[in-house]
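Engineer: Sequence first, then the predicted structure:
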Amino acid sequence: MEASSTSSVDLQALDQQIAAVGAALAEGMASARRRPGRAVDDRAMKLTSGDRELRAALFRLVDVTPACRDLNDLGHHLAGLMESVGERPPSIAAAMRIADTKPGRVALGAAVAAGVRHMAHRFIAGAGPNEALRELGRLWKSGIGTSVDLLGEATVSAAEADAYAARCEAALDALSAGSATWPSRPSLERDSAGALPRVNLSVKVSALTPVLHPEAPERGREDAATRLRPLLQRARDLGAHLHVDMESLDSRETTLGLVGELLGEDEFVEGPSVGLVVQAYLRDSPEELERVLSWAERTPRGPAHVVRLVKGAYWDHESAEAQQRGWSIPVFEDKAECDRNFEALTRRLLDSRPLVRVAIASHNLRSLAHAIAYGRLRGGDDRDLELQVLRGLGDELATAIAGQGLRARVYSPVGDLVAGMAYLVRRLLENASNDSFLFAQAEGAPLADLLAAP
Amino acid sequence: MTPRPFANQPLLELRRETERRRLLEALETLDRELPLDVPVMIAGESRTGDGIESVDPGAPSRLVARAAVASSGEVDEAVRAAAEAAKAWGRRPAVQRAETLIAAAAWMRERRFELCALEVRECAKPWHEADSDVCEAVDFLEYYARGAIELDAGRELIQVPGERNTLAYAPRGVVAVISPWNFPLALPCGMTAAALAVGNGVVLKPAEQAPACALRLVQALRAGGVPDGVLSLLPGFGDTGAALVRHQGVHAIAFTGSSAVGLEIISAAAQTPAGQHHVKRVVAEMGGKNCVIVDADADLDEAVPAIAGSAFAYGGQKCSACSRVLAHEAVSERLAERLAGAVEVLQIGQAEAFGVDVPPLIEAEAAERVRGYVGLADDAGAVAGRSPAPGDEGYFCEAVLAAGLPADSPILSEEIFGPVLALEAVPSVDAACEIIEGLPFALTGGLFSRDPATVAAVIRRLPVGNLYVNRQITGAVVGRQPFGGNRLSGIGSKAGGPDYLLQFAEPRVVSENTMRHGLVA
């Protein structure tokens, strides 16, 4: 597959194009980074990136913050978690010294709470869809689209699944109403196949059903279908896009089965626009992508299916689970191998247009530049490629992408700031390697290294 | 030849459809062969009979196995045969004995799908539970085989000029193994394998609810090369077990089961009638009343599924299962609400259906008994959540979460061994620890907390044999979570751990004078 797709472009030309696109994006990121306030955040990230212990302790602190009863309790947790850090930076050591008294702990707790809130504003677009609309609108006006992801507790009961579905429905309504007055942004609203919805909501199957069983995908599929169907209907009626996220491998069969089943139903032939995800860190992702493409071919619908290619966010989970159970590790263990696979799948996807709409989600400058360059060399229209990043981690990339006239979409978590931040950090905690690229970049790695072929 | 280092047997990856299909095919094949005949097997001789009917708990009209019942004469015969055959077996090099156990493990590994199917039918083990059990059986064989080789080297002692000191381990003689039905392959296998590895003869009396699984174990060991006589199989009821325990030729007893029976065995084993020249050694793994503490700062997203799994998987019929939750009052209401919701979506159904959470219980009496406890919870108006049992034939029982029970409710003190979980609010983690310290049992325990100081304090304080922090409290794995309880939950050292084999061996020390007059040693 790799051979067939690369044979059609000149490799040397591809490399040159990647270098040029990458340099332009890097330039765009650099000017975005000069925005005031950014430096402080980056310094904080840098402080913690060097010390795994400290980083883990701070993540654990953010994780437990919503469960702390008061500031004293929060200060107590800070002190307890810092005990485990071998070498404490001076600021932390000073904090530890005042944790012995209640007023000291309360003061520390207040500092932590303020820190978490500050951090939350970077990663979370708003406490609810209505609160987030301002920020989403601001991005829209600057030429950046969004996909809203509703943060919340894990779903363990039917009532919680119902509540999540209701929140999704309310979000579709609120976002549709709120975005109606946004000014026209042609680059975000149309590709060569036609109109693109303004409202884009990402949903998680694990939140739509409490009965996900890896060994019985039909159980979760049937249960989640009762909640996803009304959401599809609503999205169709409102002209919104619904993107079904992919989570751990344990739920993949359920997720694909669910989407496959529902979108085969007559009532959804003309809409809504729906997207799926392929995770390139999975060793079997090339076969998985073929499965998705052949399904798309068998299931023609009004709006073409969107396929979002991601690296995948459950690397540590998949790897640890497999080792605990004696399974072969389903994810690539070598970063370069994973990156090469990402590029191979990117090419396969771009070659499959217009069967599917393509979204490439990454914070890796090389991966994004490769997608853009390859698309251009294949003679594709820039509009037929969407580039996605995560809010809080890829903001400057999004600005840079939009600056090139390309379509950027920011995956934007929405939810209670403190609880939502804890949820996001849990994802990061489980995936220490998640943001290695960002740190490499913050460390000032040379552009040529960042753009080198994996 | 020294075997490769130990590694746990990989579980089946049941999220792959191909694996699931193979299991269903194995079940179809097995169904055509039922019922199986389980004979009394002594010194290579088999006698069939039909004193025991082992039925499918999900469909009691389906006969899974007909088993003979061993008489007291057969008990005597088996013990004598084991004593005789154990002499040569014990003299074999440890490596050779290890090779037979490893060969038995290979036999099981090749038949893992059909062994799983048998557990599904005979004990209503859901597939992934059956698979874990088969893997654990394989692990025990492989782990103890290697442990026995290590033990055979003896231990280092202090040496001074003129003497040579050695510490070696000899087999005890005949070990009686009395095993339960809830881990129908792994538990008889673990106890038997440990005894055999060290060089003992074994007489196995399996639970009357699971004779066919025990037969497969004996077949595996014989196929692996364990000689006739060294291992006998005595299917039977309680009186067969009692006769075996009392037999003067038995040197050690390995038992897993209820506290009542365990204490009886310990008391009977303490007798030294005239003519018996040894005190019987007992390894007993008994009941529990396992609690999980949930602190105010716990991550409930993590705690709820872990507690529900610990309490309700296999219908709560595990000695490690969680039966009480002690939740900090700051979160107890929220936890009760979420746990109740999780209980309501539990699926109760046939073990052979993938995704079933709660299978039928092992027998009619068990279902009846557990329904009694559910009645108590209902009478107290304390049922917070329930999942109904299907109307099918089969020993089904609904799954229940009870909250706010009166302090003297039997649900809070008795081992229920069924899908009933009680939740209580406590003012602090300290108060929860006090409750646990006051219990007669100390098998497993759990803690959900995100405060390192609390975690450390609870670790120091709780007497339980196996404490699990921020995870489910069931599913101990050989070599990773050596398993066993303290207090009235058991005597003896942890199964699947480095000390277990010592209980089946007798230490012998030799101190030899190496001084030669006029010569340098």
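Structural biologist: Cool, got the structure.
Engineer: Specify the local secondary structure of the closest residue in space to B:Leu24 that isn't next to it in sequence.
Structural biologist: Nearest non-adjacent residue to B:Leu24, counting by Cβ to Cβ, 6 or more residues apart in numbering or on different chains: B:Glu352, 7.8 Å away. Backbone N, C-alpha and C define where each C-beta goes, glycine included. Classification of B:Glu352 using DSSP: H, G, I helix; E, B strand; the rest coil returns coil.
Engineer: Do you know the pLDDT at B:Glu352?
Structural biologist: We have a pLDDT of 98 for B:Glu352.
Engineer: With the one 10 residues further on instead?
Structural biologist: In this prediction, B:Ile362 carries a pLDDT score of 98.
Engineer: Specify the local secondary structure of residue 9.
Structural biologist: Using chain A here. Per three-state DSSP, A:Val9 ends up coil.
Engineer: Let me rephrase: I mean chain B.
Structural biologist: Strictly by three-state DSSP, B:Gln9 counts as coil.
Engineer: check contacts around it.
Structural biologist: B:Gln9 makes contact with A:Gly326, B:Ala105, B:Arg109, B:Val134, B:Cys135, B:Glu136, B:Val138, B:Asp139, B:Glu142, according to Cβ atoms under 8 Å, 6 or more residues apart in numbering or on different chains.
Engineer: Tell me the buried residues within those.
Structural biologist: Buried by 16 or more other Cβ atoms under 10 Å in any protein chain shown: B:Ala105, B:Arg109, B:Val134, B:Cys135, B:Glu136, B:Val138, B:Asp139, B:Glu142, out of these.
Engineer: Could you look up the SS state of the residue nearest to the first one when sequence neighbours are not counted?
Structural biologist: In this case it means B:Ala105. Counting by Cβ to Cβ, 6+ apart, B:Ala105 lies nearest to B:Leu141, which is 3.9 Å off, once chain neighbours are set aside. When classified by three-state DSSP, B:Leu141 comes out as helix.
Engineer: Wait, B:Leu141 touches B:Pro188, no?
Structural biologist: No. In this structure B:Leu141 lies outside contact range of B:Pro188 using Cβ atoms under 8 Å: 11.7 Å.
Engineer: Got the confidence number for the closest residue to A:Leu71 other than its chain neighbours?
Structural biologist: Nearest non-adjacent residue to A:Leu71, counting by Cβ to Cβ, 6+ apart: A:Gly109, 3.2 Å away. Per-residue confidence (pLDDT) for A:Gly109: 91.
Engineer: Distance check, B:Gly257 against chain A.
Structural biologist: 29 Å (Cβ to the nearest Cβ, to the nearest Å).
Engineer: what about that residue, distance to A:Val274?
Structural biologist: 55 Å (Cβ to Cβ, to the nearest Å).
Engineer: and what of A:Thr155?
Structural biologist: Following Cβ to Cβ, the distance that separates A:Thr155 from A:Val274 is 21 Å.
Engineer: Please identify which of the two sits among more neighbours.
Structural biologist: A:Thr155 (27 against 22; other Cβ atoms under 10 Å in any protein chain shown).
Engineer: Which helix or strand contains the more buried one?
Structural biologist: A:Thr155 belongs to no helix or strand when assigned by DSSP states H and E.
Engineer: pLDDT score for it?
Structural biologist: 97.
Engineer: Give me the phi and psi for it.
Structural biologist: Note on A:Thr155: backbone dihedrals following degrees, to the nearest 10 are phi -90, psi 120.
Engineer: Settle this for me: it is touching A:Ala207, isn't it.
Structural biologist: Yes. A:Thr155 lies in contact with A:Ala207 (Cβ under 8 Å); the separation is 4.8 Å.
Engineer: for chain A, what are the nearby residues on the stretch 401-521 of chain B?
Structural biologist: B:Arg450, B:Asp451, B:Pro452, B:Ala453 (Cβ under 8 Å from any Cβ of the partner chain).
Engineer: which ones among those are found in helices?
Structural biologist: B:Pro452, B:Ala453 (DSSP state H).
Engineer: now, the most widely separated pair of the residues of the stretch 401-521 of chain B next to chain A?
Structural biologist: Greatest spacing in those, by Cβ to Cβ: B:Arg450 and B:Ala453 (10.7 Å).
Engineer: what number of residues lie near the closest residue to chain A within the stretch 101-250 of chain B?
Structural biologist: Closest residue of the stretch 101-250 of chain B to chain A, Cβ to the nearest Cβ: B:His128 (6.1 Å). For B:His128, the tally of surrounding residues (other Cβ under 10 Å) stands at 20.
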